[in-house]
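1. Got a sequence here, can you build the structure:
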Amino acid sequence: TALPYPRRLKSKGPGKDNLPFDEQFNYSKQAGFTGDTLAGVAVAFTKTISASSGVEAQWYNVLPIAAVEIAKKKLGVTSKAPEFKRYEDVSKLYQEPGKVTEDILSKGDADAINDVTAQKELGLIAASARGKPFALQQKEKQARSGVAGAAAAAAAAFSEKLPTASFGEIFQRAIGTLKGDAKSNVLDINELLAYKIPKVESGRAGQWASDLEFGRQTLAGMNPCMLSALKQMPEAIGSAIGPQHVDEYLKELDPKKRGLQQLITSAAAGDKPQLFMIDYWILNAFWAEHSGPKNRTEHVGRALFYLQQDSNGHDIGLLPLAIELAHRGTIDGSKGAVYSRQELCKDKREVLWRVAKAVFRSVDSGFHQLVSHWLRCHACMEPFFIAMRRNISIMHPVAKLMIPHFRYTLNINCNARSALINENGTIESGFTPGPYAIRLSAAAYKFWRFTHQALPTELASRGILKEDGTPWLDDYPYAQDGLELWDAYIKYFTNYLKLYYKGDADVVEDPELQAWWTEVKTQAHVDVMNVVKEDLMRAGKDKDTAAKEAEKEVWGFNGGIPNVDKLAWILATLAWTASGHHAAVNFGQYDYSALMLNVSSMVRRPIPKPDDKNDPAYKALVEKSSDAQEAEILTYLSDFTSTLKVMTTVKLLSSHADDEHTLDEPNAMITDKAAVALNQQFINRMKAMEMKFINRNRDPKNWTRVKGKTEALEYTLLYPSSKPGVTMRGVPYSVSI
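-> Residues are numbered from 1 along each chain as shown. I've put the predicted structure just below:
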């Protein structure tokens, strides 16, 4: 079977002009620095930093180029391809809190760019009134070169749109006020290009390197949806990890002195699981077809963790025990080399443990971008909305409830196909899989199941939930806070739907609703159903039986939507994915992955085997110390240019827009009195829920998130509200960035 959607685009893909007008960014979003405003100043800016040669002027490539030039200035280097030599070099990229730093651009250049931006905002207003796209008007006027020329071109474009004096002095004064407001509201270009210390490092310097932090981020970091309880020996899933790698350390940690086998037997019998695993072996799907991207090395990996408890049986940490890694030179079928903490941390080989953690975190980073984020939130949500717009009237109560959960999704996906996931885009150039990135996303899509997009089902499939539906782990912020939001959706949606469907028969007999669901199954996500069906047929099932079983496996049930409860569950699943899940995996990106030392998007060299003492790479790591050893470790991680490009991109992707629509705000499409009252109840619950989460962050029993403890970091990603900017909090209704 050919790989299904999503597919790699060699071109930029269709532009947003193909989108319906009401699915495009509105003025506020478009005028922001993540919209066309920055494109409007791109030429001026690239010329200011002398980096415009051969580069198309768009925000998604101007800012990364700018970041590289600025970082060179901060580090005092002039070479085209500088290298990080010490961890301190990475730290120099960030602006220290409260410390006044030299502006990146001179006041004159910055003011010229800010003027262009302000003119662009006004131009958008005027262009909207006249009906001609401002981008086209501006392009026609940008014949002159340089910063001042670009600013003058924008000013000229705007001045031509001003009415004559005959319209009256009042109108002219109003225009003057608009000019002043536009300029005062512009985000200064120097502020845009200043990088605050990511929260993972701020006030907790070096904590990123600890084993406790490595485990904490699997529960409360930017990819908290991968950890699974281990209820069978690792060898049963093809892993090389065995008792010989972990039992010595386990018996130091476990109050009952249990080893690997005893702990797994206990969990399999129904006791609280204390061993957990993350498995990324699927990422070798295409190794047989190619030799790999240049200047980087793809790895696959697994990590085994132990849930540590105090004498009262309360969770106090999640610690890595062993990491299994393989690249093309070391992979042995389903097995790789095992980097055992108990073995490596006894002597100078401890550096190999640190490198193994860095490589695994990088593997996790690629999976996060390609699967947890792009595939689940962006790619797989889009077809549901397209089918909805094709089959359900805008006046339908389901449309009124759900359209806010798809706000801007088509436009942001269009942008992503133009700059992030396309050929030579940010993902391909900055992440290890390179040109095979989207193929890996497509390979993971084969395992996509709609049922597992519902948070309780997803957690249960990973062995995280008890029989009563609560998490086994005492402090798992993504699960605990997420289940609160899930429960709020189920109650709100069920009560809302009962206003319009007086019984299950009304659901079954709703032609628009059932047509939408049929199209979702038979067209929108038919690829994954066909893959499952073909697998079942190869296993001996006849075609009809295989089709029915495939449908149930993917969707959880056969046929149309049978009742109100099932409809509420379907809609809650979509709403959770677009809001809570996306917020959890998106808005922490800057504060975790902008620190390359914590999350390297790229691995440039194959990690040496832990016992290959004759390998020069092994010797170079083990026999060096201090700054020389840091320099050696940095040769495995992202290079200078990739670091800056990714750092800049995740800052943009982690930003809330000025017009962000978060869950503590009303759904303006709902107008019926009874429905408005239910929406207000939901909003009130969001505000109460946020306070509950704040209190959880104050509870000293919560080891991952308690405020004020260096080893912890407040979990704010599922706070419903947020101000604009990079805030590491806030749950928008939709996938809008």
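
2. Pull up the gap between the residue nearest the centre of the chain and residue 92, please.
-> When the chain is reduced to its mean C-alpha position, the nearest residue by Cα atoms, centre = their mean turns out to be residue 586, at 3.4 Å. Distance of residue 586 to residue 92, computed by Cβ to Cβ, to the nearest Å: 27 Å. C-betas here are computed from N, CA, C, even on glycine.

3. Over to residue 634?
-> Residue 634 is 14 Å from residue 92, by Cβ to Cβ.

4. try residue 518
-> 57 Å.

5. So the two - more neighbours on which side?
-> residue 518 (16 against 12; other Cβ atoms under 10 Å).

6. Give me the neighbour count for the nearest residue to residue 407 once chain neighbours are set aside.
-> Distance criterion Cβ to Cβ, 6 or more residues apart in numbering; nearest residue to residue 407, sequence neighbours excluded, is residue 734 at 4.2 Å. Residues near residue 734, counting by other Cβ under 10 Å, number 23.

7. which element is residue 734 on?
-> Using DSSP states H and E, residue 734 sits in no helix or strand.

8. give me phi/psi at it?
-> phi -130, psi 170 (degrees, to the nearest 10).

9. what's the answer for residue 662, then?
-> For residue 662, the backbone dihedrals are phi -100, psi 170 (criterion: degrees, to the nearest 10).

10. show me the contacts for it.
-> Applying Cβ atoms under 8 Å, 6 or more residues apart in numbering to residue 662 gives the contacts 656, 720, 721, 722, 730, 731, 732, 733.

11. wouldn't the third one be in contact with residue 689 here?
-> No. Using Cβ atoms under 8 Å, residue 721 is not in contact with residue 689, being 10.4 Å away.

12. More neighbours: the two, which one.
-> Neighbour count, other Cβ under 10 Å: between residue 721 and residue 689, residue 689 has more, with 21 against 16.

13. Contacts only, for that one.
-> 484, 485, 488, 720.

14. Skipping its backbone neighbours, what lies nearest the third one in space?
-> Ranked by Cβ to Cβ, 6+ apart and with sequence neighbours excluded, the top spatial neighbour of residue 488 is residue 685, at 5.1 Å.

15. And the average pLDDT for the strand or helix carrying the one you found is what?
-> Assigned by DSSP H and E, residue 685 belongs to helix 673-696. Mean pLDDT, helix 673-696: 98.

16. for stretch 551-571, same thing?
-> On average, stretch 551-571 scores 98.

17. Just give the closest residue to residue 607, not the sequence neighbours.
-> In space, residue 607 is closest to residue 359, 5.2 Å off (Cβ to Cβ, 6+ apart).

18. The one you found sits in which helix or strand?
-> helix 350-367.

19. Check what contacts stretch 557-571 and list those residues.
-> By Cβ under 8 Å, 6+ apart, stretch 557-571 touches 398, 401-402, 454, 489-490, 493-494, 497-498, 501, 503-504, 507-508, 513-514, 517-518, 548, 551-552.

20. Next, the buried residues of that stretch.
-> 561, 564, 567, 568, 569, 570, 571 (16 or more other Cβ atoms under 10 Å).

21. Relative to residue 678, how far out is residue 565?
-> 17 Å.

22. make that residue 383, sorry
-> According to Cβ to Cβ, residue 383 stands 28 Å off from residue 678.

23. In terms of neighbours, single out the busier of the two.
-> residue 678 (20 against 16).

24. Quick one: the strands in the chain, in order.
-> 228-229, 275-279, 300-309, 315-326, 337-340, 655-656, 725-726 (DSSP state E).

25. Throw the ones you listed into TSV and include mean pLDDT, distance to residue 463 and mean neighbour count, thanks.
-> Formatted as TSV, the strands of the chain follow (pLDDT from 0 to 100; distance: least, Cβ to Cβ, whole Å; neighbours: other Cβ atoms under 10 Å):
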stretch	mean pLDDT	distance to residue 463	mean neighbour count
strand 228-229	98	3	17
strand 275-279	98	8	22
strand 300-309	97	12	23
strand 315-326	98	14	24
strand 337-340	98	23	24
strand 655-656	91	34	20
strand 725-726	90	34	18
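
26. mind putting those in CSV, distance to residue 210 included?
-> CSV is the format used below for these (distance: least, Cβ to Cβ, whole Å):
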stretch, distance to residue 210
strand 228-229, 23
strand 275-279, 18
strand 300-309, 13
strand 315-326, 10
strand 337-340, 16
strand 655-656, 29
strand 725-726, 25
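
27. so which of the ones you listed comes closest to residue 257?
-> Of all the strands of the chain, strand 300-309 sits nearest to residue 257, with 12.9 Å by Cβ to Cβ.

28. Can you name the residues in contact with stretch 716-729?
-> 196, 199, 477-478, 481-482, 485, 580, 583-584, 587-588, 590-591, 651, 654-658, 660, 662-664, 686-687, 689-690, 693-694, 697, 730-731.

29. Quick one: low-confidence residue ranges for the stretch 151-300 of the chain.
-> Flagging of the stretch 151-300 of the chain using pLDDT under 70 yields the residue ranges 151-193.

30. In it, mark out all the helices, start to finish.
-> Ranges of helices within the stretch 151-300 of the chain are 169-185, 189-192, 211-220, 243-253, 260-268, based on DSSP state H, counting those that start in this stretch.

31. can I get the CA coordinates of the last one in CSV?
-> Below are the C-alpha coordinates for helix 260-268, written out as CSV (Å, rounded to 0.1, in the frame of the first residue of the first chain):
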residue,chain,number,x,y,z
LEU,A,260,13.0,-5.9,36.5
GLN,A,261,11.2,-9.2,36.4
GLN,A,262,9.5,-8.7,39.8
LEU,A,263,8.3,-5.2,39.0
ILE,A,264,6.8,-6.3,35.7
THR,A,265,5.1,-9.3,37.3
SER,A,266,3.6,-7.0,39.9
ALA,A,267,2.2,-4.6,37.3
ALA,A,268,0.9,-7.4,35.1
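
32. And it, what's buried?
-> 260, 262, 263, 264, 266, 267.

33. Likewise for the fourth one?
-> Along helix 243-253, these residues count as buried under the neighbour rule (16+ other Cβ under 10 Å): 245, 246, 247, 249, 250, 253.

34. now do stretch 285-294
-> Buried residues in stretch 285-294 (16+ other Cβ under 10 Å): 285, 287, 292, 293.

35. measure it end to end?
-> The first residue of stretch 285-294 is 18 Å away from its last residue (Cα to Cα, to the nearest Å).

36. likewise stretch 593-602?
-> Across stretch 593-602, the terminal residues are separated by 11 Å (Cα to Cα).

37. Now do that stretch: everything it contacts.
-> 84, 87, 90, 195, 198, 200-201, 208-209, 222, 296, 358, 361-362, 364-366, 430-432, 592, 636-639, 642-643, 646-647, 650-651.
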